[in-house]
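> structure, please.
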Amino acid sequence: MLSAVRRVATANSASLVRPLASMHMTSSFSTSSSAYAPITVKNITVFGSGLMGAGIVQVAAQNAFDVTMVDLNPEALKKGQDIITSSLKRVAKKQFPEDAGKQKEFIDTTMARIKTSTDSEAAAKNADLIVEAIVENLKTKQQLFSLLDKVAPEHTLFCSNTSSLPIEEIAKATKRTDRFGGLHFFNPVPQMKLVEVIRTDATSQDSFDALLDVCKRMKKTPVSCKDTPGFIVNRLLVPYMMESLRIVERGEATPEDVDTAMKLGAGFPMGPFELADFVGLDTMKFIVDGWRKEGKVDANLVAPVKLLDELVAKGDLGRKSGQGFYPYGGVGGKK
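So this is what the prediction gives:
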């Protein structure tokens, strides 16, 4: 869920919550599952220009991939470009603190590798890898991949950046389940080194190896995981955060004391309530409700917590709404 930091349906990703059915999808190419030669990914297309999508685009472009960022309208793409430019300036200053010329060269070179498009068909035609980073809605993701499956080249690898939905279920919308996997980046993408590489029972070894190679070329550290609820990080993190809520709900400690205890006693950079506010309480609820409905996680770990449900119902969603367990900006309302 450090990746669920993708804040579903927030202002930063509002452009992604609209249905993608309006995208231009007219041409049709064969997508049969015939044998194909292993490929080296050169061209990447990323669907979604919110925090996660823009971050993935930036890291790919920084590491010599040619990238196309796709969204529904120019306004959304402009916001994504602004996110990338702002982040690149910070990276450039860190890499070349005393050389403004090299900073500019670094930014210009990276941005030159990035194209933008609202035409999904054109953006998919030359892609070796398509990464989806849109709203956490299974039907919307399936709809997008079903359309892309008809226009992308046969060799093109598909992957989702989902943090909570089964990769296998998303892949069912396509005829290339052997070339479908998960690349679960963490927010903020330029800073976070980890990527969970997810394989389903149908993912071929060549496809999985290609995804691992992409991560390494992006200077990330990949870990492999089967297609299980929450993968590795969220599977451990969500139950921990839910138990933190129960401690407070039972009156055993305050959010402030729990956060302090976990930071100073366990060495965590953020306490569970700080993290919950950062992630978004609606995102937390979305994940646990989904896992509970799916029935593949111990029900006790994802049992409803009244405190969480009440805050979400009030619209107190954390940092993005200005109020969660703490008022914002910051713990205890500190500015």
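
> the stretch 101-250 of the chain: helices as residue ranges?
Shown for the stretch 101-250 of the chain, the helices assigned by DSSP state H, counting those that start in this stretch span residues 120-125, 138-149, 167-171, 205-217, 233-249.

> so which of those is nearest Thr110?
Closest of these to Thr110 is helix 205-217, at 14.7 Å (criterion: CB to CB). C-beta: built from backbone N, CA, C; applies to glycine.

> counting by contacts, list what that closest one packs against.
strand 129-132, strand 157-160, strand 180-185, strand 194-199, strand 221-226 (3 or more CB pairs under 8 Å, 6 or more residues apart in numbering; DSSP states H and E).

> what about 6 Å?
strand 194-199 (3 or more CB pairs under 6 Å, 6 or more residues apart in numbering; DSSP states H and E).

> same for the strand it packs on, what does it pack against?
Judged by 3+ CB pairs under 6 Å, 6+ apart, the packing partners of strand 194-199 are strand 180-185, helix 205-217, strand 221-226.

> among the helices of the stretch 101-250 of the chain, which is nearest Lys89?
Among the helices of the stretch 101-250 of the chain, helix 205-217 sits nearest to Lys89 (CB to CB), with 23.4 Å.

> now do the closest one: everything it contacts.
Helix 205-217 is contacted by residues Pro38, Val41, Asn63, Leu157, Arg179, Gly181, Val195, Val197, Arg199, Pro222 when judged by CB atoms under 6 Å, 6 or more residues apart in numbering.

> again, only this time at 8 Å
38-41, 44, 63-65, 129, 157, 159, 178-181, 183, 195, 197, 199, 221-222, 224 (CB atoms under 8 Å, 6 or more residues apart in numbering).

> what's the most buried one of the helices and strands packed on strand 194-199?
Of the helices and strands packed on strand 194-199, the one with the most neighbours on average (mean count of other CB atoms under 10 Å) is strand 180-185, at a mean of 27.

> strands paired with that one, and their directions?
According to DSSP bridges, strand 180-185 has the following sheet partners: strand 157-160 (parallel), strand 194-199 (antiparallel).

> deepest of these, which one?
strand 157-160 (a mean of 27).

> what is the longest helix of this structure by residue count?
helix 74-95 (DSSP state H).

> buried ones in it?
Ala76, Leu77, Lys79, Gly80, Gln81, Ile83, Ile84, Ser87, Leu88, Val91, Ala92 (16 or more other CB atoms under 10 Å).

> report all helices and strands that it contacts.
Helix 74-95 sits against helix 51-62, strand 66-70, helix 100-112, strand 114-117, with contacts defined as 3+ CB pairs under 8 Å, 6+ apart.

> closest to Lys150 out of the ones you listed?
Nearest to Lys150, of all the helices and strands packed on helix 74-95, is strand 66-70, at 15.7 Å by CB to CB.

> paired strands for the closest one, with orientation please.
strand 43-47 (parallel), strand 114-117 (parallel).

> quick one: average pLDDT of the shortest one?
In this model, strand 114-117 has an average pLDDT of 98.

> could you check how far that strand is from the centre of its chain?
Centroid separation for strand 114-117 versus its chain: 19 Å, with CA atoms, centre = their mean, to the nearest Å.

> check stretch 182-200 too.
7 Å.

> CA atoms of it as CSV?
C-alpha atoms of stretch 182-200 as CSV (Å, rounded to 0.1, in the frame of the first residue of the first chain):
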residue,chain,number,x,y,z
GLY,A,182,2.3,-7.2,-12.8
LEU,A,183,4.8,-4.4,-12.1
HIS,A,184,3.9,-3.0,-8.8
PHE,A,185,5.9,0.2,-8.3
PHE,A,186,5.8,2.2,-5.0
ASN,A,187,5.2,5.9,-4.4
PRO,A,188,7.0,8.1,-5.0
VAL,A,189,8.3,6.1,-7.9
PRO,A,190,11.5,8.0,-8.5
GLN,A,191,12.7,7.5,-4.9
MET,A,192,11.3,4.1,-4.1
LYS,A,193,13.7,1.3,-5.2
LEU,A,194,11.3,-1.7,-4.9
VAL,A,195,9.2,-3.2,-7.6
GLU,A,196,7.1,-6.3,-7.0
VAL,A,197,7.1,-8.4,-10.2
ILE,A,198,4.0,-10.5,-10.3
ARG,A,199,3.5,-13.6,-12.3
THR,A,200,0.3,-15.6,-12.8
